[in-house]
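*Asks:* sequence and predicted structure below; questions after.
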Amino acid sequence: MNIELKNFISKCLEIKKLENNNKFFSLDLLKKTDNLEWELAVRYLESKGFSVAVITDKNKYGVFIAEGFSENNRLKGWGLENHKPLEICVKNIGFPLKSEKPEAPDTKIQGLKVVPTHSIAVLFGTKDNGWGKVEHIPQSSFSLSIMNTGGIQYGQSAFEGACAMKNEQGEVFGFRLEKNTERFNKSIQAIGLPEIDVKIVREMIEVNIQNNKDYVPELGDGQLYIRPSVAGLTGALGIVAAETFIITSEVAAFGSYIPTSIKVEGLRYIHRPYSGTSKIAPNYSVSVKIKQGVKARGYSDYLSYDIDNNVEEVSSCAVAFIDKENNFVFPPVQDEIDTKERHILPSITRYSIIELLEFQKESVIIRDVNESEVKNMKAMFTMGNAVGVVEVSELSVKKSFSSFEISSSRARTPSFLAFVEKSTNFAIIAVVSIA
């Protein structure tokens with residue numbers, strides 16, 4: 001190892017944790033260093049909690065540089081060929097990590113496929129000092145203790161599902177990010193972690209989108225899925241709030257998510273958990289086994305009911321109906337029409353669709369929908385940020401573990417098709433530009 005590289009490592013190790021004293025180094029160091037030696041040095045620093053990146057003319061926060069330059073002095077990794085490297089930047093994140101070389105997105109898949117992108121956003125916090133400073137670093141994975149991580153042992157974690165897309169001019173827009181950050185903050189508090197300023201999270205997400213603009217599909221080819229997550233880290237060996245915690249924002253491109261219509265199984269004995277109004281991990285982990293059984297029986301998802309047999313939602317998104325009078329009927333969320341305790345997640349897409357329908361002067365009714373009424377509805381559909389609007393073509397209601405009733409195929413109705421068309425045409429009122 002040459003003396004310049006040894007000095008580089010020594011200077012990096014002097015950087016204090018999570019402070020505004022990031023150090024910058026000339027690219028001459030990298031040009032004088034063998035790629036293998038450089039990678040060993042970077043991986044060593046990453047194991048000590050340091051992020052090593054290269055600032056470019058297209059990314060002021062830094063992109064992947066762990067493997068050095070290619071033979072023609074280009075950056076390695078998808079989408080980085082046209083970046084002009086300017087200088088090396090080192091930050092002390094305070095947590096062991098490993099940066100990952102960006103890969104090409106795949107928008108041909110049906111569903112989400114996670115591949116390393118250009119950048120993630122991270123924000124650490126502690127029980128004593130609260131939330132720290134947002135850092136934008138190359139896509140990285142983190143080393144965690146399985147036994148001493150609250151997010152793994154006790155499910156002290158939560159997440160959001162936001163979307164960004166392009167318009168006909170190629171501009172990138174985020175879908176109601178302010179609603180995602182507000183709900184995310186409530187979920188953070190629901191798992192016993194400190195409240196955070198939603199403006200900080202909103203900016204964190206927007207910069208993360210900006211740093212990964214190359215991954216936003218063209219109009220009609222898909223969308224960019226944004227996953228803000230929060231988890232308790234160390235100091236949680238016992239059912240207590242973790243002493244350290246992390247928020248991340250990561251992205252993934254996706255194409256067609258699910259079919260335009262699905263078959264749903266209604267399970268009367270399944271109720272949303274008490275914490276259902278928050279988007280926390282335990283609400284979803286308990287549904288995995290149930291969903292496996294539902295899919296084995298030929299259905300895409302299941303519908304849950306409250307203790308009075310009123311419709312709640314499917315496992316992953318909200319539901320609504322069109323009745324015989326062409327009214328759009330939405331089961332209510334907490335405090336929407338009364339003070340009755342309800343455990344339905346306040347869906348952002350649901351909120352937006354109600355706005356769109358009212359804007360179109362359609363009749364919208366928000367009320368409890370009892371299981372006994374469903375068979376008389378004209379149509380049923382689900383909605384969510386990632387899935388969009390999906391028709392329920394068939395609903396079978398299971399009364400117990402062994403008996404079924406109501407198996408009726410619902411053809412697409414003119415009112416439903418008109419609704420989908422209007423939702424698409426007027427969706428622009430629900431998005432904000434990402435500069």
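*Replies:* Thanks, I have the structure now. In this text the structure is predicted, and so the values were computed from the model without any measurement.

*Asks:* ok, how many other residues are close to the spatially closest residue to Lys279 that is not a sequence neighbour?
*Replies:* Sequence neighbours aside, Ser187 is the residue nearest to Lys279 in space, at 4.9 Å (criterion: CB to CB, 6 or more residues apart in numbering). No exception for glycine: its C-beta is placed from N, CA and C like everyone else's. Residues within reach of Ser187, counting by other CB atoms under 10 Å, total 23.

*Asks:* before we move on, what about Ser47?
*Replies:* By other CB under 10 Å, 12 other residues sit near Ser47.

*Asks:* before we move on, back to that, wait, a helix at the residue nearest to Lys279?
*Replies:* Yes - looking at Ser187 with DSSP: H, G, I helix; E, B strand; the rest coil, it is inside a helix.

*Asks:* residues touching it, list them.
*Replies:* Shown in contact with Ser187 (CB atoms under 8 Å, 6 or more residues apart in numbering): Ala158, Phe159, Glu160, Val230, Ser278, Lys279, Ile280.

*Asks:* hmm, which helix or strand of this structure has the shakiest average pLDDT?
*Replies:* Least confident element among the helices and strands of the chain, by mean pLDDT, DSSP states H and E: strand 404-409 (a mean of 38).

*Asks:* the strands in the stretch 301-435 of the chain, which residues?
*Replies:* In the stretch 301-435 of the chain, the segments counted as strands under DSSP state E, counting those that start in this stretch are 301-305, 311-314, 318-322, 328-330, 364-366, 379-384, 388-398, 404-409, 431-433.

*Asks:* name the helices or strands packed onto the third one?
*Replies:* Spelled out, that is strand 318-322. strand 328-330, helix 348-359, strand 379-384, helix 414-425 (3 or more CB pairs under 8 Å, 6 or more residues apart in numbering; DSSP states H and E).

*Asks:* direction included, what does that strand pair against?
*Replies:* Using DSSP bridges, the strands paired with strand 318-322 are strand 328-330 (antiparallel), strand 379-384 (antiparallel).

*Asks:* show me the one of those strands that comes nearest Thr126.
*Replies:* If you check each of those against Thr126 by CB to CB, strand 379-384 wins as the nearest, at 33.7 Å.

*Asks:* now that closest one - C-alpha only, PDB.
*Replies:* C-alpha atoms of strand 379-384 as PDB (Å, rounded to 0.1, in the frame of the first residue of the first chain):
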ATOM      1  CA  ALA A 379     -68.500  -3.100  -8.500                       C
ATOM      2  CA  MET A 380     -65.600  -3.200  -6.100                       C
ATOM      3  CA  PHE A 381     -62.100  -1.900  -6.500                       C
ATOM      4  CA  THR A 382     -58.800  -1.600  -4.600                       C
ATOM      5  CA  MET A 383     -56.400   1.300  -4.600                       C
ATOM      6  CA  GLY A 384     -52.900   2.100  -3.500                       C
END
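
*Asks:* now that strand against helix 348-359, angle please.
*Replies:* Here the directions of strand 379-384 and helix 348-359 differ by 130 degrees (axes from the mean of the first three to the mean of the last three CA atoms, to 10 degrees).

*Asks:* what lies in contact with strand 379-384?
*Replies:* Contacts for strand 379-384 (CB under 8 Å, 6+ apart): 161, 262, 264, 301, 314, 316-322, 347, 349-350, 353, 374, 389-392, 395, 410, 412-413, 415-416.

*Asks:* by mean pLDDT, show me the worst of the strands paired with strand 318-322.
*Replies:* Per-stretch mean pLDDT for the strands paired with strand 318-322 is lowest at strand 379-384 (a mean of 90).

*Asks:* picking up where we left off before, turn the strands of the stretch 301-435 of the chain into a markdown table, including distance to Ile270.
*Replies:* Listed next are those as a markdown table, based on distance: least, CB to CB, whole Å:
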| stretch | distance to Ile270 |
| --- | --- |
| strand 301-305 | 5 |
| strand 311-314 | 9 |
| strand 318-322 | 14 |
| strand 328-330 | 20 |
| strand 364-366 | 23 |
| strand 379-384 | 16 |
| strand 388-398 | 9 |
| strand 404-409 | 15 |
| strand 431-433 | 34 |
